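Asks: predicted model and sequence follow; I will ask about them next.
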Amino acid sequence: MPAKKIINTMMNNDFFSQWLGIKIIEANEGYCKLSLTIKKQMLNGLGNVHGGITYSLADSALAFASNSKGQKSVSIETHISHVLPLKLDDEIIAECNCQTETTKLGHYNVVITLLNNPSQIVALFKGTVYKTNKLWEV
């Protein structure tokens with residue numbers, strides 16, 4: 001099953017990612033690159049982006065990348081480190097890669113950076129997924 005087709009199918013049914021305004025930039029087997037622009041509704045009481053926004057972007061990247069190989073996968077453990085505060089209208093990129101995998105588990109890293117300064121890391125996310133016995137049929 002082609003990775004892009006699986007990821008596009010997932011996105012078409014992922015109303016939360018759509019609501020956040022997440023866009024798919026690139027999709028391959030075990031890999032996904034997404035973008036998001038910070039909106040006013042995403043800011044916390046300090047005027048910075050709420051940590052749940054970068055977490056959600058990374059979680060979506062993990063979901064898309066880990067399912068892209070054709071086996072339905074679900075996260076079982078995740079962790080995020082927030083490195084840099086974000087402000088209104090910042091544009092960010094989440095890039096997710098498979099690091100290691102077994103027949104039942106996959107380990108992924110997501111690096112979130114600024115679109116206009118890709119060397120500036122915003123957040124680092126790690127996720128472990130459980131690979132079910134169900135396959136994507138799209």
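Replies: Done, it's in.

Asks: list the helices and strands the longest strand along the chain packs on?
Replies: Across the chain, the longest stretch assigned as strand under DSSP state E is strand 117-135. Packing contacts for strand 117-135, counted by 3 or more CB pairs under 8 Å, 6 or more residues apart in numbering; DSSP states H and E, involve helix 51-67, strand 71-82, strand 91-101, strand 105-114. Bear in mind the C-beta positions are built from the backbone N, C-alpha and C, glycine included.

Asks: residue contacts, the residue nearest the centre of the chain?
Replies: Most central in the chain under CA atoms, centre = their mean is residue 61, positioned 1.9 Å from the mean C-alpha point. Applying CB atoms under 8 Å, 6 or more residues apart in numbering to residue 61 gives the contacts 32-34, 94-96, 110, 125.

Asks: dump these to CSV, plus pLDDT and neighbour count.
Replies: Formatted as CSV, the contacts of residue 61 follow (pLDDT from 0 to 100; neighbours: other CB atoms under 10 Å):
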residue, pLDDT, neighbour count
32, 97, 30
33, 98, 19
34, 98, 27
94, 98, 28
95, 98, 19
96, 98, 27
110, 98, 27
125, 98, 23
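
Asks: closest to residue 71 among those residues?
Replies: In terms of CB to CB, no member of these lies closer to residue 71 than residue 32, at 15.2 Å.

Asks: ok, the closest one touching residue 68?
Replies: Yes - with contact defined as CB atoms under 8 Å, residue 32 reaches residue 68; the gap is 6.7 Å.

Asks: overlap in contacts of these two?
Replies: With contacts taken as CB under 8 Å, 6+ apart, the residues that reach both residue 32 and residue 68 are residue 7.

Asks: beta-bridge partners for residue 73, please?
Replies: Residue 73 has these beta-bridge partners by DSSP bridges: residue 131.

Asks: same question, residue 26
Replies: Following DSSP bridges, residue 26 is listed with bridge partners residue 33.

Asks: quick check: it touching residue 33?
Replies: Yes - here residue 26 reaches residue 33: they are 4.0 Å apart, a contact under CB under 8 Å.

Asks: got a list of what residue 27 touches?
Replies: Taking CB under 8 Å, 6+ apart, one finds 3-4, 7-8, 33, 64, 68 in contact with residue 27.
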